[in-house]
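In: with the input below, show me the fold.
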Amino acid sequence: MNLQGWPAVRSRAAFLAGKFSAYADRHWKWLTLLLWIALMAGFLVVRWPQIHWLTLSDTDDNIRFVQVKDWLAGQGWYDLRQYRLDPPAGFNIHWSRLVDLPIAGLMLFFRAFLDQGLADRLACGIAPMIPILPLMLGLGFIARRLAGGNSWILAAAAPFAAQMGISMFMPMRIDHHGWQLALTVLMLAGLIDRNWLRGGIVAGVSSALSIAIGMEMIVYLAAGGALIALRWVFKDGAARRMLPYALSLTGATSLCFLVFASHANRQMVCDAISPIWVAIFAAASAGMVLLALLPLRNWPARLGAGILVGAAVAAFAWLNWPQCLSGAYQISPELQKLWLANIREAKPISVQPWSLIVPLMAIPVAGVIGLVWALWDSRRDGDRLWAWATVGLMMLFSTALLFWQLRAGPAAQLLAIPPAAWAAYRLLCLIGTGRPLVRGLALLGTALVAVVVFATPLYPQMNALWARATGEAPKPQKPAVATRKAAINKANGRCRTLPVLEVLNQLPPATIFTMVDLGPRLIATTHHSAVAGPYHRNGAVILDMHHAYDGPADAFRPIAAKHHATYLLVCPGFPEGTIYQSRSPRGFYAGLMRGEVPDWLHPVPLRTGLTLPYTLYRIDYGRRPSSASGDEKVPQQR
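Out: Numbers count the residues shown, from 1 in each chain. All right, here's what the predicted structure looks like:
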């Protein structure tokens, strides 16, 4: 190889790299858009089987799908009651129409030139990926603000390493969590924007839109508002951010209430945008406006005034609606014990398996390390130090919430990206510019970052290698336990699939009594109705379901008759059913799983070439119940 030309090659490469860096810095928003389009196209290809088979795996995705279709079929804009759950009264759903808009728009667009089934599936595939763009732009903006250069590339691409976080944006994940996560990141971008007017408006409007969608992120939004107020206390002139934030927050919240709040949410409810929250945010915003306009010249005076106003707003909320500050769900202790306590995402991370904890915590741990490094690096730059402290406090707060509920995981991962991406960017810079020892250490650090990025696929292999190295082989499962887990996974998957549920459409429309968690999927894929879905405003119906499955066989029919059920659909091994079996081994459902079928349940033959994973029974209300000893033993289909 001729080494004489090597300096020229390096010089040319450095020149081209400099040109690209300058171009990327000027046009970072357009490049982010192109990256987003490419990733959308890739995910559509990779996830096409799920799109083709309408694989809406979460109960909320299925209800959202039915809700949008019902609206396009003529149901009122402000009527979000789901009439095919516990008909004829229906289920009170606490969402708003805001997230329905992009799904409905895409459905109408594709229906113009495709058949309705394919058009609706394409809409469900594309709509969840739309909020990835504001998410990437928000993270890129934060990176440019704190690290400069082309650090935005790492920050914008980093969400795709956050397995739990990015799962909320994948095709068919049409529920509202992706939008709320993206809006939370935009709020954080507004908190640290050097343009105080723009930052205040972005933070306020993003918060209002998130509130209009749902109340899940309200603790993050409240933390953001508190950080704006705290900055006002200690920074002269910070009222220029707080004033537009307060005005835009209350204005956008009020407008969203008028446009998006359903008939049910115009009552005094705590779990959605309602008159209660409009009043609370109006009071908080009015207090912020007052503080921003007061001529307070030093931080002790601002701190004292802020405490007084904050206490007044808290007293106003507590005296008028104390129930909203103690728990938005407002469910009974019995429902909490029988139903909500069994939902995995409502449990803390401390009770989860290590196979979930390690990949989930990889990015937050990297974020903490990056935060410490960034705070030290910016110790002589007060403005940048405050911005890093703001990002760090939001990250630490979201990570701490994991010890309350696992559902905080996506936010914990995404809010940890700015410091983690900053650390990765600095390491790459050191590899290119540092001395040999520094380069070696930077390479080691980059390798560790790569492990974090690929934590989800790497963890099982690393765990196995560690077990072999230490001689601690993983404890083998008992055959019965392994078989039971396999049966549960199989039942959970097969009973939800489109082909096996569409078989039910050969029967006239009726109400089917089945698992609470299977109800939304049933109404999304068939023309039938179901008795219940996992939605807390309808706690009495959910309790009826639990009592029917936990109680004796003779108690089932009165409950089924109360809810006008014609059929009972049983899916052996379905996860929810295992709870009834474990909790009530002498109950009706456990008896069914042992083959003890009452003589008033008649198997319904269904014409299909498929092996169905469920059994459908017609409930005979005219037949008198026989004694328990007379129950007919019928093997369940598996």
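
In: hey, where'd the helices end up in the stretch 451-600 of the chain?
Out: Residue ranges of the helices in the stretch 451-600 of the chain, as given by DSSP state H, counting those that start in this stretch, are 455-470, 479-494, 498-502, 519-525, 539-550, 556-562, 575-583, 588-593.

In: pull out the buried positions in the third one.
Out: Okay, so that is helix 498-502. Judged by neighbour count (16 or more other Cβ atoms under 10 Å), helix 498-502 contains these buried residues: 498, 500-501. In short, each C-beta sits where N, CA and C put it, glycine included.

In: can I get that helix in CSV, CA atoms only?
Out: These are the backbone C-alpha positions of helix 498-502, laid out as CSV (Å, rounded to 0.1, in the frame of the first residue of the first chain):
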residue,chain,number,x,y,z
LEU,A,498,-58.3,-12.8,14.1
PRO,A,499,-58.9,-16.1,12.3
VAL,A,500,-60.2,-18.0,15.4
LEU,A,501,-62.4,-15.1,16.6
GLU,A,502,-63.9,-14.4,13.2
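
In: so for that helix, mean pLDDT?
Out: For helix 498-502, mean pLDDT is 95.

In: which elements pack onto that helix?
Out: Under the contact criterion of 3 or more Cβ pairs under 8 Å, 6 or more residues apart in numbering; DSSP states H and E, the helices and strands touching helix 498-502 comprise helix 519-525.

In: which other residues reach the helix it packs on?
Out: With Cβ atoms under 8 Å, 6 or more residues apart in numbering as the contact definition, helix 519-525 has outside contacts at 54, 56, 59-60, 62-63, 65-66, 82, 84-85, 496, 498, 501-502, 504, 512, 514, 528-534, 569.

In: what do you get if the cut-off is 6 Å, keeping everything else the same?
Out: Where contact means Cβ atoms under 6 Å, 6 or more residues apart in numbering, the residues beyond helix 519-525 that reach it are 59, 62-63, 65-66, 84, 496, 498, 501, 530, 532-533.

In: wait, isn't Leu80 in contact with Ile93?
Out: Yes - between Leu80 and Ile93 there is a contact at 4.8 Å, judged by Cβ atoms under 6 Å.

In: who touches both of these two?
Out: Here Leu80 and Ile93 share no contacting residue, scored by Cβ under 6 Å, 6+ apart.

In: neighbour count: these two, which is higher?
Out: Neighbour comparison, Leu80 and Ile93: the larger count goes to Leu80, with 26 against 23 (by other Cβ atoms under 10 Å).

In: burial count for Phe65?
Out: Applying other Cβ under 10 Å, we find 26 other residues in the vicinity of Phe65.

In: please name the nearest non-neighbouring residue to it.
Out: Once flanking residues are discounted, Phe65 sits nearest to Ala524: 5.2 Å by Cβ to Cβ, 6 or more residues apart in numbering.

In: over to Asp517?
Out: Glu576 (5.0 Å).

In: Pro348 and Met394, how far apart?
Out: Per Cβ to Cβ, to the nearest Å, Pro348 is found 20 Å from Met394.

In: give me the more crowded residue out of these two.
Out: For Pro348 against Met394, the residue with the higher neighbour count under other Cβ under 10 Å is Met394, and the figures read 24 against 13.

In: please, which helix or strand holds that one?
Out: In this assignment (DSSP states H and E), Met394 forms part of helix 382-400.
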